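K.L.:
Got a predicted structure plus its sequence, pasted below:
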Amino acid sequence: MLFAHGFGCDQHMWRLVAPRFEDAYRVITFDHVGAGGSDPRAYDRDRYSSLDGYADDVLAIVHELDLTDVVLVGHSVSAMIGVLAAVAEPDRFARLVLIGPSPRYLDDDGYTGGFSAADIAELLESLDSNYLGWSRAMAPVRFCTAVLVRLRREGAGWRATVASGGHPLPLLRRHGQASRPVGAYGHVLGIMPRPAFVDTALELGPGDALVLFTDGVTEGRRGSRLYGAERLADAVDAHRATAADTTGAVLADALAFQAGDPRDDIAVVTVAVDAGPPAPPA
């Protein structure tokens, strides 16, 4: 599945959608030239004066990764970019999923596309003078993600109950084992009138730990590369001394990956059960 974002955003918009398809598909997201983490030097006024240039970029990704039977999910203007790519090379695409598509957004004689010439002029002026204000007006932030961990002491260990409201799942690191995600996704907070969540209960024994983090960690960028879940798990597994050791190491590694200039909030919390004193030598 190839996810193509719309105008005024980047691949970050798919962060709550794309992971749901990873069990069944190879999932690919990207930034169009001029958006997100794309290289500003790649922009060419002539090439990108029409949607054909962006469609050619989609096909370049398809060729580079040798993709076939592609399900392209295109939002807004990327819906038509996807159509152009599929028309050019139909054998590469199995399905098109078009979200908010329109073949022409500008009104014309006998055709209503949604915007008059005056509307477009006003939109561009608003973008130029106050981009952040425009983006908040177009897509006001009225939702958030969250993860909740309830802890109860039971004997020498703890019982943890994990629930996620669309938030990245915590990593469970058992004593002497590699870490893995734990829990199940529930609804993002603020979208559904009656959100549903899933409680996942587990026992934490000596040496076990739960690591909670924001998506600013895994989605940190170095050029076109993402920090990613695999690197996070490696950092968690490599630093087991204490909860503070794990948290500090992950934060340091995430910041270093982005050269100390993160684009999003970064938070890490580690809950660990003391492994106890080392066993005496035999």
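P.N.:
On my side now, so go ahead.

K.L.:
Can you tell me how far Phe7 is from Ala35?
P.N.:
Noted for Phe7: a distance of 9 Å to Ala35, by Cβ to Cβ, to the nearest Å. Placement of C-beta: from N, CA and C, glycine included.

K.L.:
Those two - which one has more neighbours?
P.N.:
Higher neighbour count among Phe7 and Ala35: Ala35, with 16 against 13, using other Cβ atoms under 10 Å.

K.L.:
Show the contacting residues for that one.
P.N.:
The neighbours of Ala35, taking Cβ atoms under 8 Å, 6 or more residues apart in numbering as the test, are His5, Cys9, Asp10.

K.L.:
redo that, cut-off 6 Å
P.N.:
Asp10 (Cβ atoms under 6 Å, 6 or more residues apart in numbering).

K.L.:
ok so it is a strand residue?
P.N.:
No - assessed with DSSP: H, G, I helix; E, B strand; the rest coil, Ala35 is coil; it does not lie in a strand.

K.L.:
how close does it get to Thr29?
P.N.:
Ala35 is 12 Å from Thr29, by Cβ to Cβ.

K.L.:
What is the burial count for Ile28?
P.N.:
17.

K.L.:
any idea how far it is from Val58?
P.N.:
Taken as Cβ to Cβ, the span from Ile28 to Val58 is 10 Å.

K.L.:
now swap in Gly100 and tell me
P.N.:
Distance from Gly100 to Val58, by Cβ to Cβ: 17 Å.

K.L.:
and what of Glu89?
P.N.:
Remark: distance between Glu89 and Val58 (Cβ to Cβ) = 10 Å.

K.L.:
Can you tell me the strand partners of the helix or strand harbouring Val71 and which way each runs?
P.N.:
According to DSSP states H and E, Val71 maps onto strand 70-75. Paired neighbours of strand 70-75 in the sheet (DSSP bridges): strand 2-4 (parallel), strand 93-99 (parallel).

K.L.:
any idea how far the first one is from the chain center?
P.N.:
Remark: strand 2-4 is offset 12 Å from the chain centroid, using Cα atoms, centre = their mean, to the nearest Å.

K.L.:
Check which residues of it are buried.
P.N.:
Leu2, Phe3, Ala4 (16 or more other Cβ atoms under 10 Å).

K.L.:
same thing with the last one?
P.N.:
Counting neighbours by 16+ other Cβ under 10 Å, one finds that the buried residues in strand 93-99 are Phe93, Leu96, Leu98.

K.L.:
now swap in stretch 17-30 and tell me
P.N.:
Ala18, Val27, Ile28, Thr29, Phe30.

K.L.:
do stretch 258-275 as well
P.N.:
Buried residues in stretch 258-275, counted by 16+ other Cβ under 10 Å: Gln258, Pro262, Ile266, Val268, Thr270, Val271, Ala272, Val273, Ala275.

K.L.:
which residues touch that stretch?
P.N.:
By Cβ under 6 Å, 6+ apart, the residues outside stretch 258-275 that reach it are 204, 206-214, 216-217, 220, 243, 246-247, 250-251, 254.
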